[in-house]
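Trainee: Here is my input; please provide its structure:
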Amino acid sequence: MFERTSAVIRDGSKLSFEYVPEKIVHREGQMKQLEMLFRPMVTEGRACSAFLSGGVGTGKTVTAKRFCEDAIRHCARSGKPIGYLYVNCRIRNTEHSVLLQMVRYYDPGYSERGFSAEEMLRAFRAHTENSARPMILILDEVDVLLKGGSRNLIYQITRMNEELRKASVSPILISQTSVAELLDEASMSTFRRANSVRFDRYTQEELRTIITLRSEEALVHGSLGESEISLLAEIAMQYGDARFAIELIERSATVAEAGEAGKITADDIRTANAMIYSDVSENKLKDLDHNRRLALLAIARAIKGNAYITIAAAEKTYAVVCEEYNEVARKHTQFWTYVQDMERMGLLSTTVKSEIDRGRTTYISIPNIPPKELAKKLEYILETPFSTDQDEF
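Mentor: So this is what the prediction gives:
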């Protein structure tokens, strides 16, 4: 058991989402922007900031990490050490847990109980000052934290530099969408428009390059042919998502390991795509709170065999679904907010059409999963007792 040598995967760690390649391709422009924005920190130790935005899998996180690691090397060579801390706010989704990770960067044994947010901020500020070096603080998926009501934390971080004399804290906020409306005016002044770095979806050719380079690092030489690379890029292009592309490589390689060909075939890729297709949907559904699941179930049921439905038709079904699950149906404005949130997550899409008899009408579609299958998944999750533990807003 487990003794068989891999015929396809040479180094699986290179397919991890945590892996940061030495060179980031097709994000050279964003790296240059970060270099420009953080030059005052590197040369003078001054606090800087940046806001990185773009869809899932567009390279925001890996670019930020690569930039920080490159900056650390550069500063070490010039005798001006800096530090950096990465916090995923979807995992650390409360003010307390974010602050705890910040303090534990300096003090790994810091207790998670018995300290207020103010005390943890003071501890982090004191440690940072004692380190006498600039610190880059990456807050990834910061919109999750802000929607939970932690605006004050961002404000405190941006204002911390007013009390630091021998050190500085330079935040990098990462989010799929703009968080301008979630920040207070004082915090937003730190993240001016000029500090924004935008990440667009990858093109098919860019994804092909990423797949090629990552495969060279992770797979046995000759186990992935050119036509299979093209197929991987074509499938991943549906999302413009490098994370999806990398996971598709890994799943395809795993499927190929169980076969006899000793390499990744087109059928292996198709099988892997079907596996990920299901997993992606389930993971996203588990991120939804109870009300959004009800709204999405209503949309899935209403669409049936249609390509699109109007938002009015969706709301009618939503009222029926809420009654079925003994919930009060939210008003139009809140339902529209749910639709917008789920569109940002890639669970559905909307389009506005001008019609002679109706004026401008919003239509909803579910492009990435059969509505019938989506409804089944949602019904299962909604009927599982432990599935409603997410915060609702």
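Trainee: Do a quick rundown of the strands in this protein.
Mentor: For the chain, strands defined by DSSP state E occupy the ranges 50-54, 83-88, 134-140, 168-175, 196-199, 309-310, 349-355, 359-365.
Trainee: list the buried ones in the third one?
Mentor: By neighbour count, with 16 or more other Cβ atoms under 10 Å as the criterion, the buried positions of strand 134-140 are 134-140. C-beta coordinates here come from the backbone N, C-alpha and C atoms, glycine included.
Trainee: can you list the residues that contact the longest helix along the chain?
Mentor: If you go by DSSP state H, the chain has its longest helix at helix 266-287. Residues outside helix 266-287 that contact it (Cβ atoms under 8 Å, 6 or more residues apart in numbering): 90, 227-228, 231-232, 235, 244, 247-248, 251-256, 259, 261, 293, 296, 345-347, 368-369, 374, 377-378, 381, 387, 390.
Trainee: Only whichever of those residues are buried, select them in PyMOL.
Mentor: Here is the PyMOL command that selects the buried residues among the contacts of helix 266-287 (16+ other Cβ under 10 Å):
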select buried, resi 228+231+232+235+244+247+248+251+252+253+254+255+256+293+296+345+346+347+368+369+374+377+378+381+387
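Trainee: measure the residue lying closest to Val142 once chain neighbours are set aside to His221 for me?
Mentor: Sequence neighbours aside, Leu173 is the residue nearest to Val142 in space, at 4.6 Å (criterion: Cβ to Cβ, 6 or more residues apart in numbering). Separation of Leu173 from His221 (Cβ to Cβ, to the nearest Å) stands at 40 Å.
Trainee: cool, and Arg125?
Mentor: Distance from Arg125 to His221, by Cβ to Cβ: 51 Å.
Trainee: tell me the contacts of Ala329?
Mentor: Taking Cβ under 8 Å, 6+ apart, we find Ala329 in contact with 318-319, 322-323, 335.
Trainee: can you rerun that using 7 Å?
Mentor: 318-319, 322 (Cβ atoms under 7 Å, 6 or more residues apart in numbering).
Trainee: Glu257 too?
Mentor: Glu257 sits in contact with 6-9, where contact means Cβ under 7 Å, 6+ apart.
Trainee: related to what we said a few turns ago, give me the more crowded residue out of Arg125 and His221.
Mentor: Under the neighbour definition other Cβ atoms under 10 Å, Arg125 and His221 were set side by side, and Arg125 has more, 20 against 8.
Trainee: Report how many residues lie close to the nearest residue to that one once chain neighbours are set aside.
Mentor: Residue nearest to Arg125 in three dimensions, not counting chain neighbours: Met160, with 5.7 Å by Cβ to Cβ, 6+ apart. Using other Cβ under 10 Å, Met160 has 21 neighbouring residues.
Trainee: can you pull the pLDDT of Met160?
Mentor: pLDDT recorded at Met160 is 92.
Trainee: any idea how far it lies from Glu69?
Mentor: For Met160, the distance to Glu69 - Cβ to Cβ - is 23 Å.
Trainee: domain parsing for the protein?
Mentor: Domains of the chain are assigned by automatic domain parsing as 28-199, 203-284, 288-387.
Trainee: gap between the two ends of the first one?
Mentor: Start to finish, the residues bounding domain 28-199 are 11 Å apart (Cα to Cα, to the nearest Å).
Trainee: Do you have the helices of the stretch 201-350 of the chain handy? List them.
Mentor: For the stretch 201-350 of the chain, applying DSSP state H, counting those that start in this stretch gives helices covering 204-218, 226-236, 242-257, 266-287, 290-303, 311-324, 332-344.
Trainee: how much space between Ala261 and Asp200?
Mentor: Per Cβ to Cβ, Ala261 is found 36 Å from Asp200.
Trainee: same question, Arg10
Mentor: Arg10 sits 32 Å away from Asp200, going by Cβ to Cβ.
Trainee: More neighbours: which of these two?
Mentor: Legend: neighbour count by other Cβ under 10 Å for Arg10 and Asp200, higher for Arg10 (16 against 13).
Trainee: Spatially nearest residue to that one (excluding sequence neighbours)?
Mentor: Val220 (4.9 Å).
Trainee: show me what contacts the one you found?
Mentor: Val220 is in contact with 7-8, 10, counting by Cβ under 7 Å, 6+ apart.
Trainee: and if you look at Ser365?
Mentor: Ser365 makes contact with 307-308, 348-349 under the criterion Cβ under 7 Å, 6+ apart.
Trainee: what's the farthest-apart pair in those residues?
Mentor: Every pair in the contacts of Ser365 was compared (Cβ to Cβ); the two farthest apart turn out to be Ala307 and Leu348, at 12.4 Å.
Trainee: who has more neighbours, these two?
Mentor: Leu348 (24 against 9).
Trainee: how much space between that one and Asp200?
Mentor: Separation of Leu348 from Asp200 (Cβ to Cβ) stands at 21 Å.
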